[in-house]
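S.K.: What follows is a predicted structure for the sequence shown.
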Amino acid sequence: MSIVATGDSFARDDGATAVRDTGGTAAAIAGRLERLPLTSYQHGIFVIIATAWFFDSLDLGALTFVLGSIKAEFALDAAHAGLLSSMSFLGMFLGASGAGLLADRFGRTKVFQVSMIFWGLGSICCGLAPSVELLGLARILLGFGMGMEFPCAQSMLSEIMPAKNRGRYIAYLEGFWPIGFIASGLLCYAVLSFATWRWVFIIEGLPAIFVLVVRRKVPESPRWLAARGRTADAERVMAGIEAQVQRRLPNGTVLPTPKPFVTLPASTAGGFPALFAGAQRKRTIMLWCLWFFALLGFYGLTTWLGALLQQKGFAVTKSVFYTVLISLAGVPGFLTAAWLLERIGRKATLIGMLLGSAAAAYFYGTSATVGALIGFGLCMQFCQFGMWSVLYAYTPELYPTRIRATGAGFASAIGRLGSLLGPYVIGLVLPLSGQTGVFTLGAGAFVLAALVVLVLGEETRGRALEEIAA
């Protein structure tokens, strides 16, 4: 029996797929996971993870709607209000960079649950903060919990879902972000009609207790257990997943035969240095550049957009209703991206959404009428949340199981540097080039991100995680 090299994977003359691995367990687990039909069991796991994602968005989005009230209570000027807004991103950078390493070392579910504790406490502390300094620290704590969750959720979902469904469901996961943002606006609108901004954060922190309990129903990734050499645990968890799926199939239905995978020797090195070893170097460079430029453009424009457009006389930008209206386009945006990335692939969808974001952002900022403002705003949200969906689906696919959370975590962390730098750079450009220069800069960041994907990106559609990593 021969093995023939074919690019990033290996094809045998008997039709099986060969995967580099130090033992047979990981390959066997992969084959058993890939053959499982989708049932309410996998959908239930998705709903649990997506619910947590929703509550994270709810918390992060709240500052957009209550910042005016906070500025008034603490008598903040624009500079200090902007600094307060950046605290969440600082926390995300710290959380994302550390959580990936921890999740690859101690497991996805453990770090996932701990992240809930941090953001729940952070939100409640925001509501109780007696000073703006303590409020800033609470925002860092809240952002730290959110940053921890990102690589864990991405890795967990990508490792549970089979290849033919993986990208679509991670894109659906990201879709709970605009839904959470919209819900945050509605919640703030309701709460602020009878209470202060503090109650918004306290209310948004309470669901952490419920979701923490529910999350215990999510099993540890059998792929991760096998990669760590915990063969017995991997077999136990895998057998439990198969039993749950079998229970939801019609009586007499037999699970399909596992897809055959052949193991080949490979490095088992993990940790940060492994991100730049062999084929991972190119992928890491591509992802870091992609995340940095995409988030620099997104948060650079988002942070300044309200203030810039108010200077143009658009009073409508001050209303919560307007912000929620524009955000509604994010829902069809992520749904479209979820369909396209399994139809035409990750690269084409991501490049299209990035270029669409560039064009829409530029014309949104230079609109001369309210109608044009709303129209280009809807287009911008459609493309940007489509971009986010593919970004989160694409990133964890490019790393092997042993460093998947580490890779996703550091990519997200580099993106948070872009989100911190973006508002500052926009502030420097504004007095020199005016609003045209600001929006040209933001659009240029999206274009650079698209070029990086075009030149360095690789397609992962329809490929098992083990085939991509081989």
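M.R.: That came through, no problem.
S.K.: Of all the residues in the helix or strand harbouring L141, which ones are buried?
M.R.: Per DSSP states H and E: L141 is located in helix 132-160. Using 16 or more other CB atoms under 10 Å as the test for burial, helix 132-160 gives 132, 135-160. Any C-beta I mention is one placed from the backbone N, CA and C, and that applies to glycine too.
S.K.: Quick check: next helix or strand after that helix?
M.R.: helix 163-191.
S.K.: So what's the residue count around H43?
M.R.: 12 (other CB atoms under 10 Å).
S.K.: when you give positions from now on, start the count at 544
M.R.: From this message on, residue numbering opens at 544, which makes the last subject H586.
S.K.: what's the helix or strand containing it packed up against?
M.R.: Secondary structure from DSSP H and E places H586 in helix 583-617. When contacts are defined as 3 or more CB pairs under 8 Å, 6 or more residues apart in numbering; DSSP states H and E, helix 583-617 sits against helix 621-649, helix 651-671, helix 675-703, helix 706-734, helix 740-748, helix 750-758, helix 774-790, helix 863-870.
S.K.: go with 7 Å
M.R.: helix 621-649, helix 651-671, helix 675-703, helix 706-734, helix 740-748, helix 750-758 (3 or more CB pairs under 7 Å, 6 or more residues apart in numbering; DSSP states H and E).
S.K.: how about low-confidence regions in the stretch 744-893 of the chain?
M.R.: For the stretch 744-893 of the chain, the stretches with pLDDT under 70 are 753-758, 803-812, 845-867.
S.K.: What segments of it are strands?
M.R.: Assigned by DSSP state E, counting those that start in this stretch, the stretch 744-893 of the chain shows strands spanning 804-807.
S.K.: Quick check, central residue of the protein?
M.R.: Residue closest to the average C-alpha location in the chain (CA atoms, centre = their mean): Y935, at 4.4 Å.
S.K.: one step back: identify whichever of the helices and strands packed on helix 583-617 lies nearest to L999.
M.R.: helix 706-734 (19.0 Å; CB to CB).
S.K.: buried residues in that closest one?
M.R.: Those would be 706, 708-728, 730-731, 734, for helix 706-734 by 16+ other CB under 10 Å.
S.K.: What of stretch 632-640?
M.R.: F632, L633, G634, M635, F636, L637, G638, A639, S640.
S.K.: what's in contact with that stretch?
M.R.: For stretch 632-640, the surrounding residues in contact (CB atoms under 7 Å, 6 or more residues apart in numbering) are 682-691, 693-694, 952-953, 955-956, 959-960, 962-963.
S.K.: Give the rounded mean pLDDT of that stretch.
M.R.: Averaging pLDDT along stretch 632-640 yields 88.
S.K.: what sits against C922?
M.R.: Applying CB under 7 Å, 6+ apart, the residues near C922 are A903.
S.K.: Quick check: which element contains it?
M.R.: Assigned by DSSP H and E, C922 falls in helix 913-940.
S.K.: Dihedrals phi and psi, G772?
M.R.: Note on G772: its backbone torsions stand at phi 80, psi 10 [degrees, to the nearest 10].
S.K.: ranges for the helices of the stretch 794-943 of the chain?
M.R.: For the stretch 794-943 of the chain, the helices defined by DSSP state H, counting those that start in this stretch cover 823-854, 863-870, 873-886, 889-908, 913-940.
S.K.: which stretch among these comes nearest G814?
M.R.: Per CB to CB, nearest to G814 of those: helix 823-854, 11.8 Å.
S.K.: L619: how many residues sit nearby?
M.R.: Residues near L619, counting by other CB under 10 Å: 16.
S.K.: Helix, strand or coil: sort out it for me.
M.R.: For L619, the secondary-structure state derived from DSSP: H, G, I helix; E, B strand; the rest coil is coil.
S.K.: which other residues reach stretch 730-742?
M.R.: Identification of contacts with stretch 730-742 by CB under 7 Å, 6+ apart yields A605, F608, V609, S612, I613, G670, V743, I746, V863.
S.K.: Tell me the gap between it and the middle of its chain.
M.R.: Centre-to-centre, stretch 730-742 and its host chain are 28 Å apart (CA atoms, centre = their mean, to the nearest Å).
S.K.: Alpha carbons only: can I get it in PDB?
M.R.: Taking only C-alpha atoms (Å, rounded to 0.1, in the frame of the first residue of the first chain), the coordinates of stretch 730-742 have been written out as PDB:
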ATOM      1  CA  LEU A 730     -32.400  46.900  26.500                       C
ATOM      2  CA  CYS A 731     -30.700  50.200  27.100                       C
ATOM      3  CA  TYR A 732     -33.700  52.000  25.600                       C
ATOM      4  CA  ALA A 733     -36.000  50.200  28.000                       C
ATOM      5  CA  VAL A 734     -33.900  50.400  31.100                       C
ATOM      6  CA  LEU A 735     -32.800  54.100  30.700                       C
ATOM      7  CA  SER A 736     -36.500  55.100  30.600                       C
ATOM      8  CA  PHE A 737     -36.800  54.200  34.300                       C
ATOM      9  CA  ALA A 738     -33.300  53.600  35.800                       C
ATOM     10  CA  THR A 739     -29.700  54.800  35.400                       C
ATOM     11  CA  TRP A 740     -27.000  53.300  33.200                       C
ATOM     12  CA  ARG A 741     -25.700  51.300  36.100                       C
ATOM     13  CA  TRP A 742     -28.600  48.900  36.000                       C
END
